[in-house]
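Enquirer: model the structure of this input:
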Amino acid sequence: LNATSQAQDTNFFQSCAKELASAYNTRYAMIGLYNNQEENMDESDVNRSIKTLAIWAGDHFADNFTYALKGTPCQDILNLSAEIIPCGAATAYPDDHMLLDMGIESYFGAPLIAPSGNFIGIISVMDTNPMDIGDWVKPILALFANRITLEVQRKSTQKELELAASVFNESADAILICKKDTEILRVNPAFTRITGYSSEEAVGQTPKMLKSGIHPNAFYKNFWETLHATGIWQGEIIDRRKDGETFPTWQTITVVRDSAGKISQFISIFSDISEKKLTEKRIYDLSHHDIVTGLPNRIFFQDIAGTALDHAKRINTQLAILFIDLDHFKLINDTLGHPVGD
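Expert: Residues are numbered from 1 along each chain as shown. You can find the predicted model right below:
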């Protein structure tokens with residue numbers, strides 16, 4: 001599929017280059033995009049280059065290459081809406097070895113400008129003879145530039161959508177997308193793996209299908225108030241799987257708003273933290289219980305004694321503590337060793 005898509009892209013740009021040369025009756029036509037577009041380079045950066053997408057050279061398509069812009073007419077396009085050199089192009093740009101080697105006499109180029117206003121590339125036509133460019137034919141280059149820019153932007157959007165789809169499908173966390181009335185629109189494979197509900201079973205339902213019944217109404221009231229006020233809620237929720245088993249989740253729920261600022265969707269991303277909770281419990285138990293007997297240890301005693309003392313102070317009452325000692329037990333540990341004492 002990727003090979004087919006790339007071939008279609010190549011065919012489109014090559015077709016545009018050939019049509020462009022035909023429209024201006026020139027020997028050469030070139031379409032290129034700036035390299036490293038993700039970098040924040042301003043328009044005066046003379047060190048940038050372009051990667052050609054298609055080159056028509058008279059009767060065939062030439063191989064693509066990377067073209068440094070410094071000292072070329074393409075560089076001047078950054079500061080102008082278009083660059084027209086009816087004759088003497090190679091002479092006007094002595095540092096442009098490509099123009100010299102090709103014997104270019106005339107040049108007409110324009111920038112590719114994204115909807116954001118950023119320059120993303122260049123298109124140009126060139127010839128070994130002087131070029132007579134009438135006012136009526138000048139706009140054709142701008143039409144081609146718009147056409148090519150739209151295709152580049154479409155491909156960019158398509159790649160972003162493909163990336164988003166890949167993240168959605170491959171995520172280890174469950175992802176749940178709901179309408180503003182909380183009807184489930186879509187779930188990812190991790191949702192099925194964690195909850196046991198298939199996509200067919202979930203779509204059309206609401207997240208209440210996962211409700212465990214453990215949280216009080218006040219919990220959900222606070223949840224919705226926070227979500228509407230801030231646009232995001234994050235915390236722990238106990239959910240219920242399809243088989244009835246309850247399990248703890250860590251959820252991040254965000255609000256998606258339309259251009260008018262109204263809620264259009266909710267997106268919930270959650271993970272099963274059962275193992276994390278069990279690990280935390282094991283660590284707590286190990287630190288608060290005696291390894292030999294399993295009984296509460298000194299740390300646990302201090303915690304519960306402190307809580308009991310605070311409670312006694314609040315209600316102004318006395319508190320009794322009973323201490324039980326094993327006479328001469330230290331002697332057993334000291335003479336026979338701790339293993340025997342245990």
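
Enquirer: now do the spatially most central residue of the chain against His60, distance only.
Expert: Nearest residue to the geometric centre of the chain (Cα atoms, centre = their mean): Ala164, 6.8 Å. The gap separating Ala164 from His60 is 39 Å, by Cβ to Cβ, to the nearest Å. Placement of C-beta: from N, CA and C, glycine included.

Enquirer: likewise for Cys87?
Expert: Taking Cβ to Cβ, one finds Cys87 at 26 Å from His60.

Enquirer: now Lys211. Nearest residue, chain neighbours left out?
Expert: Once flanking residues are discounted, Lys211 sits nearest to Arg240: 6.7 Å by Cβ to Cβ, 6 or more residues apart in numbering.

Enquirer: burial count for His60?
Expert: Neighbour count of His60, defined by other Cβ atoms under 10 Å: 8.

Enquirer: roughly how far is the helix or strand encompassing Ile283 from the heart of the chain?
Expert: Assigned by DSSP states H and E, Ile283 belongs to helix 274-288. Mean-position distance between helix 274-288 and its chain equals 34 Å (Cα atoms, centre = their mean, to the nearest Å).

Enquirer: hmm, back to that, list the contacts for the residue nearest to Lys211?
Expert: When contacts are counted by Cβ atoms under 8 Å, 6 or more residues apart in numbering, Arg240 touches Leu210, Lys211, Ser212, Gly213, Thr246, Phe247.

Enquirer: test my guess that the fifth one contacts Ile214.
Expert: Right, Thr246. Yes - judged on Cβ atoms under 8 Å, Thr246 makes contact with Ile214 at a distance of 6.8 Å.

Enquirer: shared neighbours of those two, which are they?
Expert: Counting by Cβ under 8 Å, 6+ apart, the residues touching both Thr246 and Ile214 are Ile238.

Enquirer: select the longest strand from the chain.
Expert: In the chain, taking DSSP state E as the definition, the longest strand is strand 246-257.

Enquirer: past that strand, which element shows up next along the chain?
Expert: strand 263-272.

Enquirer: show me what counts as buried in that following strand.
Expert: Neighbour-count burial for strand 263-272, with 16 or more other Cβ atoms under 10 Å as criterion, is recorded at Gln265, Phe266, Ile267, Ser268, Ile269, Phe270, Ser271, Asp272.

Enquirer: which other helices and strands does it contact?
Expert: strand 174-179, helix 189-195, strand 246-257 (3 or more Cβ pairs under 8 Å, 6 or more residues apart in numbering; DSSP states H and E).

Enquirer: Ala92 is nearest to which of the ones you listed?
Expert: Ranking the helices and strands packed on strand 263-272 by proximity to Ala92 (Cβ to Cβ) places strand 246-257 first, at 52.6 Å.

Enquirer: what helices or strands is that closest one leaning on?
Expert: Using 3+ Cβ pairs under 8 Å, 6+ apart, the elements in contact with strand 246-257 are helix 217-230, strand 232-240, strand 263-272, helix 274-288.

Enquirer: got CSV for those, with mean pLDDT and distance to His97 too?
Expert: Listed next are the helices and strands packed on strand 246-257 as CSV, based on pLDDT from 0 to 100; distance: least, Cβ to Cβ, whole Å:
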stretch, mean pLDDT, distance to His97
helix 217-230, 92, 59
strand 232-240, 94, 55
strand 263-272, 92, 53
helix 274-288, 89, 62
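
Enquirer: out of those, which is the most enclosed?
Expert: strand 263-272 (a mean of 18; mean count of other Cβ atoms under 10 Å).

Enquirer: show me where the chain has its strands.
Expert: 28-34, 49-57, 66-68, 83-85, 106-113, 119-127, 174-179, 184-187, 232-240, 246-257, 263-272.

Enquirer: in JSON lines: those strands, plus distance to Arg282.
Expert: Below are the strands of the chain laid out as JSON lines (distance: least, Cβ to Cβ, whole Å):
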{"stretch": "strand 28-34", "distance to Arg282": "55"}
{"stretch": "strand 49-57", "distance to Arg282": "56"}
{"stretch": "strand 66-68", "distance to Arg282": "58"}
{"stretch": "strand 83-85", "distance to Arg282": "71"}
{"stretch": "strand 106-113", "distance to Arg282": "60"}
{"stretch": "strand 119-127", "distance to Arg282": "55"}
{"stretch": "strand 174-179", "distance to Arg282": "25"}
{"stretch": "strand 184-187", "distance to Arg282": "32"}
{"stretch": "strand 232-240", "distance to Arg282": "18"}
{"stretch": "strand 246-257", "distance to Arg282": "15"}
{"stretch": "strand 263-272", "distance to Arg282": "17"}
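
Enquirer: nice, that's everything, thank you.
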